[in-house]
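Asker: Any chance you can model this:
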Amino acid sequence: MLKDSFDYIIVGAGSAGCVLANRLSKDPNTQVCIVEAGGKDSSPRVRVPAGILSLYNDPKYDYSYMSVPQPELKNRAIPLNRGKALGGSSAINSMLYIRGAASDYDEWAQLGCAGWSWNDVLPVFKDLENNQLGQDPKYHGTSGELYVDRHRDPNPVARMFIKAGRAADLSENTDMNAERQDGLGIYNVTQRDGMRWSSYRAFLHPVRDRANLTILSGTDTKRVIVENGHATGIEIDGSDGKRVLKAAKEVILAAGAINSPELLLRSGIGPAAMLNAAGVRVAHDLPGVGQNLRDHVDGMITVRSSSTKTLGLSLRNLPSMIAAPFRWLAQRKGMFTTNYVEAGGFARTKYANENPDIQFHFVPGYRSHRGRVIEYGHGYAVHTCVLRPKSIGEIRLGKTGALEIDPKFFSDPQDAQVLVEGIKVARSILADSTFDEIRGKEMLPGKEVDTDEQILDYLRGAALTVFHPVGTCKMGTDEMAVTDPASLKVRGVEGLRVADASVMPTLIGGNTNAPTMMIGEKCARMILAGAA
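Answerer: Next comes the predicted model:
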């Protein structure tokens with residue numbers, strides 16, 4: 001029979017939640033429950049790297065959120081894919097291991113988040129990491145649970161992109177998590193033996209049989225129960241219907257930058273005026289909940305090519321396609337090894353300051369110019385994103401109580417200016433003679449899109465996101481802070497913490513999976529150390 005009382009209840013078995021559950025359940029006398037709305041990650045579609053294309057927009061694995069219409073993007077609603085499985089978004093992401101720049105974390109400290117500077121977080125990153133690459137021990141660890149490895153069989157076109165970086169004065173960078181980010185390279189990935197190594201696989205699966213650890217998958221959390229200013233448990237809806245789970249010590253939200261603030265709002269914790277308008281009883285007026293939403297806005301160049309060196313679906317590529325599952329099973333080689341964004345890196349536009357301000361994700365296969373997941377034929381593409389956007393959005397409940405996600409992309413015009421310049425840098429790389437042997441037609445934006453004004457108009461009609469939402473329960477000391485930097489406790493509510501990407505006060509310059517695991521580890525250490 002399912003227990004209904006625990007010491008700690010963790011909501012969300014994603015990048016941070018799995019770390020927390022591992023650490024808190026290490027003491028056999030501590031009862032821990034982790035609740036995940038999604039299901040198991042055992043499908044080959046999740047475990048095999050190339051399976052990621054089949055996961056996006058599948059309701060079994062993806063929440064498939066949509067933003068509200070974006071005025072600066074021609075009133076388009078933007079897809080916001082988020083993982084719904086054990087492992088959270090680390091079960092459907094591209095497995096890139098990137099931490100961001102040292103100055104990103106130093107900025108957090110300067111904003112009032114003592115204990116979160118680069119010198120504070122680097123040892124935590126190293127403790128989590130099991131680096132298989134022999135990289136500099138000054139920056140990397142080898143004894144943690146999170147395996148970090150090289151891509152098993154990079155496509156030769158990915159290597160061409162790195163070589164072509166010379167056109168933009170970008171040299172090869174073999175470790176973007178060391179002293180400098182600038183340059184292009186094959187990304188390090190969170191894989192083990194050529195398979196996806198999500199936060200669940202790294203931290204929760206190995207300890208799933210602990211007697212004091214309860215894992216509830218396929219279970220929705222409806223709200224946090226707040227009594228007299230104290231979080232006492234959660235209401236869930238699972239296979240046994242609705243019920244209440246009690247937390248003797250704490251409830252910890254690790255549900256991500258969309259779901260954690262949504263849960264707070266639905267529990268009556270947030271801006272009082274919004275909650276009243278949405279018909280939610282106010283438990284605690286906390287104006288910063290759902291505010292400070294930041295994400296990496298992204299623009300794409302896609303090129304059709306006749307070369308079968310690129311990944312693609314075609315009759316000429318049929319032998320490789322047939323051989324792919326056998327090569328992967330026998331050697332962990334071939335098409336099934338791809339994470340699609342095999343190469344990339346960091347560059348500067350004329351607007352950059354001390355750090356790169358754009359990041360590339362290069363795809364050695366054709367990205368559909370029509371928005372399809374799979375498109376017949378061959379080619380290559382490069383995504384360019386704004387690393388440190390100034391546009392700030394929000395998550396709110398509408399007057400009907402419906403969740404509204406509003407990133408406010410391009411609301412600060414500098415983001416648009418940076419992305420226009422980024423597209424120009426990406427084009428200069430693709431124009432290098434390295435690509436002559438496979439050169440094809442630029443389908444998007446198209447060669448006729450040439451001036452800054454034309455590129456901006458294209459971006460307004462086509463820009464998307466690389467799915468890195470953060471900041472909606474930000475830590476800090478100002479009046480809009482939701483969580484305390486020293487404890488990650490929710491301000492004004494006892495027994496409640498948040499530990500995921502939502503606590504980031506600003507968006508780091510890079511992919512957010514590894515930093516979110518670091519946040520989970522930091523929170524666990526705070527709890528175990530008795531942080532008040």
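Asker: neighbours of residue 29, just the number please.
Answerer: 6 (other CB atoms under 10 Å). From N, CA and C alone the C-beta is placed, and that goes for glycine too.
Asker: do residue 453 as well
Answerer: Neighbours of residue 453 (other CB under 10 Å): 10.
Asker: need the contact list for residue 19.
Answerer: Residue 19 makes contacts with 128, 199, 203, 517, 520, 521, 524, as judged by CB atoms under 8 Å, 6 or more residues apart in numbering.
Asker: that's a strand at it, yeah?
Answerer: No: counting by DSSP: H, G, I helix; E, B strand; the rest coil, residue 19 falls outside a strand, being helix.
Asker: Next one: the closest residue to residue 9 other than its chain neighbours, what pLDDT does it get?
Answerer: Excluding its sequence neighbours, the residue lying closest to residue 9 (CB to CB, 6 or more residues apart in numbering) is residue 247, at 4.4 Å. pLDDT for residue 247: 98.
Asker: Can you list the strands that the host helix or strand of residue 247 pairs with?
Answerer: Using DSSP states H and E, residue 247 falls within strand 241-253. Paired strands of strand 241-253, with direction, are strand 5-11 (parallel), strand 230-238 (antiparallel), strand 496-498 (parallel) (DSSP bridges).
Asker: chain center to the shortest one: distance?
Answerer: Strand 496-498 sits 20 Å away from the centroid of its parent chain (CA atoms, centre = their mean, to the nearest Å).
Asker: The next helix or strand after that strand - contacts with which helices or strands?
Answerer: The helix or strand immediately downstream of strand 496-498 is helix 513-528, counting by DSSP H and E. Judged by 3 or more CB pairs under 8 Å, 6 or more residues apart in numbering; DSSP states H and E, helix 513-528 is in contact with helix 17-24, helix 118-128, helix 199, strand 241-253.
Asker: that older thread, would you reformat the contacts of residue 19 as CSV and include neighbour count?
Answerer: Shown next, in CSV, are those (neighbours: other CB atoms under 10 Å):
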residue, neighbour count
128, 22
199, 33
203, 27
517, 30
520, 31
521, 24
524, 21
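Asker: Now for these: which two are most distant?
Answerer: With CB to CB as the measure, no two of the contacts of residue 19 lie farther apart than 199 and 524, at 12.9 Å.
Asker: Name all residues that make contact with residue 251.
Answerer: Counting by CB under 8 Å, 6+ apart, residue 251 has contacts 8, 9, 11, 224, 231, 233, 234, 495, 496, 497.
Asker: Ignoring the adjacent residues along the chain, who's closest to it?
Answerer: Counting by CB to CB, 6+ apart, the residue nearest residue 251 is residue 231, at 4.5 Å.
Asker: Report the separation between the one you found and residue 247.
Answerer: Remark: distance between residue 231 and residue 247 (CB to CB, to the nearest Å) = 7 Å.
Asker: and what of residue 169?
Answerer: To residue 247, residue 169 is 54 Å away according to CB to CB.
Asker: And the two? Which one has more around it.
Answerer: Per other CB under 10 Å, whichever of residue 169 and residue 247 has more neighbours is residue 247, with 24 against 12.
Asker: mind listing what's buried in the strand holding residue 247?
Answerer: Neighbour counts over strand 241-253 (16 or more other CB atoms under 10 Å) mark 245, 247, 250, 251, 252, 253 as buried.
Asker: three-state assignment of residue 467?
Answerer: coil.
Asker: which one is it nearest to, not counting chain neighbours?
Answerer: Nearest to residue 467 is residue 81, by CB to CB, 6+ apart, at 5.4 Å.
Asker: Was I right to think residue 194 contacts residue 49?
Answerer: Yes: with contact defined as CB atoms under 8 Å, residue 194 reaches residue 49; the gap is 7.2 Å.
Asker: related to what we said a few turns ago, so the residue nearest to residue 9 is in contact with residue 4, correct?
Answerer: No: if you go by CB under 8 Å, residue 247 and residue 4 don't touch, sitting 10.5 Å apart.
Asker: neighbours around residue 98, how many?
Answerer: Using other CB under 10 Å, residue 98 is surrounded by 21 other residues.
Asker: distance of the nearest residue to residue 343 once chain neighbours are set aside from residue 421?
Answerer: Excluding the flanking residues, the one nearest residue 343 by CB to CB, 6+ apart is residue 158, at 3.9 Å. Distance, residue 158 to residue 421, using CB to CB: 24 Å.
Asker: Check residue 107 too.
Answerer: Distance, residue 107 to residue 421, using CB to CB: 22 Å.
Asker: Any idea how many residues pack against residue 165?
Answerer: 26.
Asker: Only the buried residues of stretch 68-79, if you could.
Answerer: Across stretch 68-79, burial judged by 16+ other CB under 10 Å covers 68, 70, 72, 73, 76, 78, 79.
Asker: which residues sit in contact with the fifth one?
Answerer: With contacts taken as CB under 8 Å, 6+ apart, residue 76 has the following neighbours: 69, 70, 461.
Asker: same thing with the first one?
Answerer: Residue 68 makes contact with 77, 404, 405, 406, according to CB under 8 Å, 6+ apart.
Asker: What subset of these is buried?
Answerer: Buried among those (16+ other CB under 10 Å): 405, 406.
Asker: Considering the contacts of residue 68, which is situated nearest to residue 433?
Answerer: Nearest to residue 433 out of those is residue 77 (CB to CB; 40.4 Å).
Asker: where's the closest one relative to residue 345, distance?
Answerer: According to CB to CB, residue 77 stands 30 Å off from residue 345.
Asker: Show me the contact partners of the helix or strand residue 344 falls within.
Answerer: If you go by DSSP H and E, residue 344 is part of strand 343-347. With contact meaning CB under 8 Å, 6+ apart, strand 343-347 is reached by 96, 154, 158-159, 161-162, 165, 168, 170, 173, 176, 181-187, 356, 358-362, 364, 382, 387, 422, 425, 509-510.
Asker: change it to 6 Å
Answerer: 158, 161-162, 170, 173, 181-187, 356, 358-362, 425 (CB atoms under 6 Å, 6 or more residues apart in numbering).
Asker: Narrow those residues to those in strands?
Answerer: The members of these that map onto strands under DSSP state E are 183, 184, 185, 186, 358, 359, 360, 361, 362.
Asker: what stretches of the stretch 251-400 of the chain score poorly on pLDDT?
Answerer: For the stretch 251-400 of the chain, no stretch has pLDDT under 70.
Asker: For it, which segments count as strands?
Answerer: Counting by DSSP state E, counting those that start in this stretch, the stretch 251-400 of the chain has these strands, from start to end: 269-270, 284-285, 291-293, 297-305, 312-313, 343-347, 358-363, 377-386, 393-397.
Asker: Could you say which of those strands is packed most deeply?
Answerer: Stretch with highest mean neighbour count among the strands of the stretch 251-400 of the chain: strand 269-270 (a mean of 29; mean count of other CB atoms under 10 Å).
Asker: by contact count, what packs against it?
Answerer: Helices and strands touching strand 269-270, as assessed by 3 or more CB pairs under 6 Å, 6 or more residues apart in numbering; DSSP states H and E, are absent.
Asker: can you list the domain ranges for the chain.
Answerer: 5-43+199-294+470-528, 152-186+297-386+410-462 (automatic domain parsing).
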